[in-house]
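> make a model of this:
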Amino acid sequence: MKIRHIIQKAGLLRLVPFLVAISLHAQTDSIPFRSGTEGYNTFRIPAIVVNGAGNLLALCEGRRGGGGDAGDIDTVCKVSRDGGRTWGKLALVWDDGTNTCGNPCVVRDAETGVIWLLSTWNRGDDPESRIINQTSKDTRRVFVSNSRDDGTTWSKPREITADAKLTNWTWYATGPGAGIQLRGGTHKGRLVIPCDHIEPGTRKYFSHVIYSDDHGASWRLGGTTPADRVNECEVVELADGALMLNMRSYDPAKKARQSAISRDGGATWTEQRIVPELVDPICQASIRRLIWPQADRPGVILFSNAASERRERMTVRASFDDGATWAVGRMLSAKPAAYSCLVAMPDGSVGLLYETGSKHPYEEVAFASRTLEWLREGANSSGPGTNGVPPAAGAR
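Numbers count the residues shown, from 1 in each chain. Sure, this is the predicted structure:
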């Protein structure tokens, strides 16, 4: 079935002229972070946001001694002032000696212009396994910092563990990727950060959120998913004001994402389910609102992940019905790939910061921008469980 027929079947032909007109800019590909350079063995865990000047801030972990998740890890940042074509010098956002400062999750408050960065900390000699079984020297802690000058400088990280983490939780992670600010409803202006944790004695992962109703001055713990086997997640606001979590899933029944819904601003979560069309290799992924619905056209929500049972084939999909279905999708690259973070570009195009490489996914953190027309024109025939993306080698 051709893409126009897919859109026609969904009653979305009125969207086609808009897709063509939204942006005429050429596509962009660049590499802001390359492992083995600038004093770091590996760069991982991308997060990206647009600042008040319309520039891109790309953040990630700079891992000094190796590619592992523990050790001497800093949070670093680069800025692009030309839509991702070129990037400025590497800047340190958070360096605590030989300890681990990472899991960046970033959100810009549109009302104040302040950029908020939520992160986690642990001792560099405390691996995840020891933190989970409570034999570590310390534990996983939660911090917040901010930039009031569009990412030029950052405040000293402030610990909020007591407000964001229950005392008997062991492992904890913010994001990674990006949070959101709620656009409307009772909780308009709320900053929401997706997170995950492990509850004691279970060794089971759950997803949850934390939020701020006072523009980042204080943070509160929101609701936890009703079921386990989910962790790293991102959140998107739906047209009716509900929130949707899209989560990394460990359910052995299906290598696919899970989702859950909140109708109270993130205080509670229900309707947790597997999303079988979003095939996933048990990895982080990204979800982002690109367009809000209007009377003459539907909204657009984007999703990016390594759309395979292995960490490869970075793919972008679009939903025109608030994530109920994923009508179109296009593979950005067939190479090894892993974590990603979507961003809505100032010109209306789609930006993606993602891990990739020729031999393995952690050789570089790359950036790409594409138009919705690129996504529409390049989508393939829909098949079972693929929704416009060809099946990966070895996929069931």
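> state the distance from the residue lying closest to Phe143 once chain neighbours are set aside to Arg44.
Excluding the flanking residues, the one nearest Phe143 by Cβ to Cβ, 6 or more residues apart in numbering is Pro157, at 4.0 Å. For the C-beta atoms, the positions are set from N, CA and C on the backbone; glycine is no exception. Separation of Pro157 from Arg44 (Cβ to Cβ, to the nearest Å): 19 Å.
> coming back round to it: hmm, the residue nearest to Phe143 is touching Val144, no?
Yes - applying Cβ atoms under 8 Å as the test, Pro157 and Val144 come out as touching, 6.9 Å apart.
> overlap of the contact sets of those two?
Common contacts of Pro157 and Val144 (Cβ atoms under 8 Å, 6 or more residues apart in numbering): Ser119.
> quick one: stretch 76-93 to chain centroid distance?
Relative to the mean C-alpha coordinate of its chain, stretch 76-93 is positioned 19 Å out (Cα atoms, centre = their mean, to the nearest Å).
> what sits against Ile261?
Residues in contact with Ile261 (Cβ under 8 Å, 6+ apart) are 242-245, 269-271.
> helix or strand: which one has it?
strand 256-262 (DSSP states H and E).
> that strand - what's its average pLDDT?
Averaged over strand 256-262, pLDDT sits at 98.
> quick one on the thing from earlier: for the residue nearest to Phe143, give its distance to Pro104.
Distance from Pro157 to Pro104, counting by Cβ to Cβ: 11 Å.
> repeat for Asp321
Here the criterion is Cβ to Cβ. By it, Asp321 lies 31 Å from Pro104.
> am I right that Leu375 is in a strand?
No - checked against DSSP: H, G, I helix; E, B strand; the rest coil, Leu375 lies outside a strand; its state is helix.
> how about it: what's its closest non-neighbour residue?
Among residues not flanking Leu375 along the chain, Arg330 sits closest, at 5.1 Å (Cβ to Cβ, 6+ apart).
> what about that neighbour, how many residues nearby?
By the criterion of other Cβ atoms under 10 Å, Arg330 has 19 neighbours.
> wait, which of the contacts of Ile261 is closest to Pro32?
Ranked by distance to Pro32 (Cβ to Cβ), the contacts of Ile261 are led by Leu245 at 27.7 Å.
> picking up where we left off before, common neighbours of Pro157 and Pro104, please.
Going by Cβ under 8 Å, 6+ apart, residues that sit against Pro157 and also against Pro104 are Ser119.
> show me which of those two is the more surrounded one.
Comparing Pro157 with Pro104 by other Cβ under 10 Å, the one with more neighbours is Pro104, at 29 against 21.
> quick one: buried residues of the strand holding Ile261?
For strand 256-262, the neighbour count (16 or more other Cβ atoms under 10 Å) marks 256-262 as buried.
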